[in-house]
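**Student:** build the 3D model from these lines:
(chains A and B)
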Number of protein chains: 2
Amino acid sequence: MSSVAKIRLFLDHPLAEGQTVPLGRDQAHYLTGVMRLGPGAPVAVFDGRSGEYLAHLDEAGKRSATLVIGRKSAPLRPPPDLWLLFAPIKKARTDFIVEKAAEMGAARICPVQTDFTNSERVRRDRLQAHAVEAAEQCGGTFVPGVDDLRPLARVLDDWPEERRLMFCDEALAGPVSALPAKPSPWAILIGPEGGFSPAERARLHAHSAAHAVSLGPRILRADTAAVAALALWQAALGDWR
Amino acid sequence: MSSVAKIRLFLDHPLAEGQTVPLGRDQAHYLTGVMRLGPGAPVAVFDGRSGEYLAHLDEAGKRSATLVIGRKSAPLRPPPDLWLLFAPIKKARTDFIVEKAAEMGAARICPVQTDFTNSERVRRDRLQAHAVEAAEQCGGTFVPGVDDLRPLARVLDDWPEERRLMFCDEALAGPVSALPAKPSPWAILIGPEGGFSPAERARLHAHSAAHAVSLGPRILRADTAAVAALALWQAALGDWR
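**Tutor:** Alright, predicted model coming up:
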């Protein structure tokens, strides 16, 4: 992060030094109306593709503003090739899972509908906005993409052959098993509040890519399980090593 | 958990088979008014001391109710001797840290005031209620106690000689270092949003009990860091092994 700019902004646009970038209405309002920045104020910006830049506010109106992109201050640091698959739960906790996945360094966030998933609608754009905000806050230079909700069965039908699946099975109460030291790509699957259905569990245990993992003797909420699983994976195989 | 009772209730009272236990007004209202249970309805209860019991609602009025304690359905499963020290942050996230600490199996929750802690008031009773609710939800038979807020400096002055301290230093960006395989007791310390002050960091790094640990290359919010640190500790030294 820049030592000068206190505000970090994600711009969904490929950036380069010397560019002039017009801001959308929401971001212009945020900088000038909410944060009360005037012309010349420094802002750290990142595009999720090439890294972070130190920019300065140029024109600054209430509904429009322009940034001039200065020197590159950090390279792109992409997370490991790790997907987080989870069954959406109550709104606040679903938002939380997305925020945590971005902070913990998931590369892609995949809401899946399981047999026992309660929520059947997911607003992808709202979840994506949470991922952006988390990346802005945590100093990341990458924003994980959020997929549309898909049925778990369909996701497993199309499973990419080389991708390993850390399947967090709340019905396993034993010790945490060690993950095989296979390099990326990987995915983590967190179940819904009611657990997986017997049919889903049977299919997952039989799946050639799947490694069933226990997350301890207590039953974890889905949001807790997501952070815990991401921590174990990052420490064993990811960029926390 | 019992396969019969869907409701779990913590009773802050030593329980034994055959006892008759009058409920307080809030718990009576919850069972009869909110959950609409009538006489004879099964309830799983635990006291945090001796285990879990299958109980039945006996008398059931709107403001008072009595439970008859039946057979013991699970022994007490205390978590490892692990404290979670954290600097309180915004209300919702502080509540969240307490909930997660209970789910993840901390034995004691210790809010500490650091040099950069924003919140100076903590309602211990409200946080304790969150810990109880989390234990009820997660199938635990133990409720971690929540301490009053104390200055970190004072806590370190009185540090028990044999207790190791996993100090999550957000200024360390390196790999996660392995924890020494020392048996309990341990504590985890999570910093406030603004990080530790230079004086605090110097004191912590010099502390004979402290093991500084990095939680990866991204900056984690305090609530994320708490869950991640608890997961790493439980998998390495706790009851997830």
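
**Student:** can I see the domain layout of chain A?
**Tutor:** A:8-75, A:82-237 (automatic domain parsing).

**Student:** so for chain B, which of these sits nearest?
**Tutor:** Evaluated with C-beta to the nearest C-beta, these place domain A:82-237 nearest to chain B, the distance being 3.8 Å. The way it works is simple: take the backbone N, C-alpha and C, and place the C-beta from them, glycine included.

**Student:** grab the nearest non-local neighbour of the residue positioned nearest the centre of chain A.
**Tutor:** The C-alpha lying nearest the average C-alpha coordinate of chain A belongs to residue A:102 (C-alpha atoms, centre = their mean; 3.0 Å). Distances taken as C-beta to C-beta, 6 or more residues apart in numbering or on different chains put residue A:134 closest to residue A:102, at 3.7 Å, once the chain neighbours are dropped.

**Student:** quick one on the thing from earlier: any chance of the domains of chain A in TSV, plus mean pLDDT?
**Tutor:** Output for those, formatted as TSV (pLDDT from 0 to 100):
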stretch	mean pLDDT
domain A:8-75	93
domain A:82-237	91
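
**Student:** any idea which of those is most buried?
**Tutor:** Highest mean neighbour count of these: domain A:82-237, a mean of 19 (counted as mean count of other C-beta atoms under 10 Å in any protein chain shown).

**Student:** just checking, residue A:160 touches residue A:187?
**Tutor:** No - Residue A:160 lies out of contact with residue A:187 (C-beta atoms under 8 Å); the separation is 9.1 Å.

**Student:** that older thread, next, the contact list for the residue nearest to the centre of chain A, please.
**Tutor:** For residue A:102, the contacting residues are A:109, A:130, A:131, A:134, A:135, A:138, A:140, A:143, A:144, by C-beta atoms under 8 Å, 6 or more residues apart in numbering or on different chains.

**Student:** repeat that for residue A:223.
**Tutor:** A:89, A:93, A:96, A:97, A:100.

**Student:** part of a helix, is the second one?
**Tutor:** Right, the one you point to is residue A:93. Yes - assigned with DSSP: H, G, I helix; E, B strand; the rest coil, residue A:93 falls within a helix.

**Student:** find the residue closest to it in space, skipping its chain neighbours.
**Tutor:** Residue A:93 sits nearest to residue A:223 (C-beta to C-beta, 6+ apart), 4.7 Å away.

**Student:** name the element that neighbour belongs to?
**Tutor:** If you go by DSSP states H and E, residue A:223 is part of helix A:222-237.

**Student:** before we move on, what about residue A:137?
**Tutor:** helix A:124-138.

**Student:** beyond that helix, next helix or strand please.
**Tutor:** Following helix A:124-138 toward the C-terminus (DSSP H and E): strand A:145-146.

**Student:** so which elements touch that next one?
**Tutor:** With contacts taken as 3 or more C-beta pairs under 8 Å, 6 or more residues apart in numbering or on different chains; DSSP states H and E, strand A:145-146 sits against strand A:108-113, helix A:124-138.

**Student:** rerun at 6 Å
**Tutor:** The elements that strand A:145-146 packs onto, with contact taken as 3 or more C-beta pairs under 6 Å, 6 or more residues apart in numbering or on different chains; DSSP states H and E, are helix A:124-138.

**Student:** outside of the helix it packs on, which residues touch it?
**Tutor:** Outside helix A:124-138, the residues within contact range by C-beta atoms under 6 Å, 6 or more residues apart in numbering or on different chains are A:8, A:10, A:95, A:98-99, A:102-103, A:143-144, A:146, A:148, B:218-219.

**Student:** so what's the residue count around the nearest residue to residue A:105 once chain neighbours are set aside?
**Tutor:** The shortest distance from residue A:105 to any non-neighbouring residue, by C-beta to C-beta, 6+ apart, is to residue A:79 (3.7 Å). Neighbour count for residue A:79, taken as other C-beta atoms under 10 Å in any protein chain shown: 23.

**Student:** contact partners for residue A:79?
**Tutor:** Residue A:79 sits in contact with A:105, A:107, A:142, where contact means C-beta under 6 Å, 6+ apart.

**Student:** let me know the closest of those residues to residue B:20.
**Tutor:** Nearest to residue B:20 among the contacts of residue A:79 is residue A:105, at 53.2 Å by C-beta to C-beta.

**Student:** how much space separates that closest one from residue A:141?
**Tutor:** 11 Å (C-beta to C-beta, to the nearest Å).

**Student:** got the phi and psi for residue A:193?
**Tutor:** phi -60, psi -40 (degrees, to the nearest 10).

**Student:** what residues does chain A put near chain B?
**Tutor:** A:100, A:103, A:105, A:138-140, A:175-176, A:216-220, A:224, A:227-228, A:231-232, A:234-235, A:239-241 (C-beta under 6 Å from any C-beta of the partner chain).

**Student:** quick check: which element contains the closest residue to residue A:21 other than its chain neighbours?
**Tutor:** Distances taken as C-beta to C-beta, 6+ apart put residue A:67 closest to residue A:21, at 4.9 Å, once the chain neighbours are dropped. According to DSSP H and E, residue A:67 maps onto strand A:65-75.

**Student:** now do the strands in chain A.
**Tutor:** A:8-10, A:20-22, A:42-46, A:51-60, A:65-75, A:82-86, A:108-113, A:145-146, A:150-151, A:164-168, A:186-190, A:210-213 (DSSP state E).

**Student:** list the contacts of residue A:26.
**Tutor:** No contacts exist for residue A:26 under C-beta under 6 Å, 6+ apart.

**Student:** please report how far it lies from residue A:129.
**Tutor:** Distance from residue A:26 to residue A:129, by C-beta to C-beta: 10 Å.

**Student:** what do you get for residue A:185?
**Tutor:** 26 Å.

**Student:** and what of residue A:85?
**Tutor:** 20 Å.

**Student:** dump stretch A:106-116 to CSV, restricted to CA.
**Tutor:** C-alpha atoms of stretch A:106-116 as CSV (Å, rounded to 0.1, in the frame of the first residue of the first chain):
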residue,chain,number,x,y,z
ALA,A,106,-9.6,-17.1,-2.9
ALA,A,107,-9.3,-16.6,-6.6
ARG,A,108,-12.9,-17.3,-7.5
ILE,A,109,-16.1,-17.5,-5.5
CYS,A,110,-18.8,-19.9,-6.6
PRO,A,111,-22.2,-20.0,-4.8
VAL,A,112,-23.7,-23.5,-5.2
GLN,A,113,-27.2,-24.7,-4.6
THR,A,114,-27.3,-27.9,-2.7
ASP,A,115,-30.2,-30.2,-1.8
PHE,A,116,-30.6,-28.4,1.6
